[in-house]
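In: Requesting a structural model of the entry that follows:
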Amino acid sequence: MDHVRQIARAVLYEGYLLWPYRESALKNRHRWTIGGVHPEGYGSPSMMRTECLLQAGPRDTVDVCVRFLHVVTRNPPGQEAREREVNVPGLVLDELLSGPVITKLDIPDGLRRGPGDVARGWEALCGRIEASARRLRPDLFRITVEVANTTPWHGGTRDEAMRRTLVSAHTVLRARGARFVSLMDPPEELRADAAGCDNVGAWPVLVGQDTVLSAPIILYDNPKISPESPGDLFDATEIDQLLTLSVLALSDEERHEIRDGDPRAREILDRCESLTPEELMRLHGIMRRTEP
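Out: Below is the predicted model:
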């Protein structure tokens, strides 16, 4: 998994299921709280906009990738999610100046049965991704990517709305050979242009020079996953040591419920139980030199 995808995956699953990773736990009964692009009319945002600055030539291209979770209902009762990804590659800046490029999002509803006669179903999702550009200076462009949810909504409960929501939605833009500008710490001569970027529901940060991750949680430029981390815990603001030890302290009854629930929570339990003493020790901290 490349560095950008590793960071994007951490964003995608932030808050997915929290310790103690039991679906019956009080704090896991109100899920899907981060980065929702909801059906229009539900009463919560139905659009996410990313605007960022790119230093490039008119024939340079931008690749756009939109990722989100699609809520799946499980029977025996429970909820999970499927990863969804829509790629719009090779957008030429010169062509984006003349009008937006619109890509439709159309995912049909579905139902699948798995081992043990477990049924998993999901609702249809509709939407669009709209990419455009504006030239601010000869070598400076403002790139805009809007993600809109157009799934029909006729009213209902929050649970019904979440099944028609783009959950934890985020956008990755990559322009090989060009250079994105930090909106968090722009050069003095570009501060006014950076301040003119209007981001809604997401904030773009640099991941290297040619890539931007626009996420629903605030990150610093060039975020990193600690090399000591053995895997996802769905809570990047916590420390792996604390969560891992907390998982290992769960009772047999709690572990049994996890194994019968969300398969991703089962993976966490299995991974924590299989860590060697050496791997556990690595989670207790490390000293790194920071000076040159």
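In: alpha carbons only for contacts and neighbour counts from here, please
Out: Fine.
In: I'd like the mean pLDDT over whichever strand or helix holds residue 205, please.
Out: Using DSSP states H and E, residue 205 sits in strand 203-206. The pLDDT scores in strand 203-206 average 97.
In: That one pairs with which strands, parallel or anti?
Out: Sheet pairing here is set by DSSP bridges, and for strand 203-206 it gives strand 211-215 (antiparallel).
In: Buried by neighbour count: which residues of the longest helix along the chain qualify?
Out: Taking DSSP state H as the criterion, the chain has its longest helix at helix 263-274. Using 16 or more other C-alpha atoms under 10 Å as the test for burial, helix 263-274 gives 264, 265, 266, 267, 268, 269, 272.
In: Need the residues that contact that helix.
Out: Helix 263-274 is contacted by residues 17, 21, 22, 231, 232, 233, 244, 247, 248, 255, 258, 259 when judged by C-alpha atoms under 8 Å, 6 or more residues apart in numbering.
In: can you do 10 Å?
Out: 16-23, 80-81, 230-234, 243-248, 250, 255-260, 279-280 (C-alpha atoms under 10 Å, 6 or more residues apart in numbering).
In: Would you agree residue 35 falls within a strand?
Out: No: assigned with DSSP: H, G, I helix; E, B strand; the rest coil, residue 35 falls outside any strand and is coil.
In: How about it: what's its closest non-neighbour residue?
Out: Once flanking residues are discounted, residue 35 sits nearest to residue 168: 4.0 Å by C-alpha to C-alpha, 6 or more residues apart in numbering.
In: Now do the same for that neighbour: its pLDDT.
Out: With respect to pLDDT, residue 168 scores 96.
In: Same question for residue 242.
Out: On pLDDT, residue 242 comes in at 87.
In: May I see the buried residues of the helix or strand harbouring it?
Out: In this assignment (DSSP H and E), residue 242 forms part of helix 240-248. Residues 240, 243, 244, 247 are the ones in helix 240-248 that count as buried (16+ other C-alpha under 10 Å).
In: and the residues you listed as JSON lines, adding distance to residue 108?
Out: Below are the buried residues of helix 240-248 laid out as JSON lines (distance: C-alpha to C-alpha, whole Å):
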{"residue": "240", "distance to residue 108": "37"}
{"residue": "243", "distance to residue 108": "37"}
{"residue": "244", "distance to residue 108": "38"}
{"residue": "247", "distance to residue 108": "37"}
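In: got the residue ranges for the helices in the stretch 101-250 of the chain?
Out: 158-162, 191-195, 240-248 (DSSP state H, counting those that start in this stretch).
In: who wins for proximity to residue 124 among the ones you listed?
Out: helix 158-162 (11.6 Å; C-alpha to C-alpha).
In: Against which helices or strands is the closest one packed?
Out: strand 61-75 (3 or more C-alpha pairs under 10 Å, 6 or more residues apart in numbering; DSSP states H and E).
In: how about the strands in the stretch 1-150 of the chain?
Out: Along the stretch 1-150 of the chain, counting by DSSP state E, counting those that start in this stretch, strands occupy 47-55, 61-75, 78-92, 101-107, 110-113, 119-122, 125-137, 140-149.
In: Comparing these, which comes out most buried?
Out: strand 47-55 (a mean of 24; mean count of other C-alpha atoms under 10 Å).
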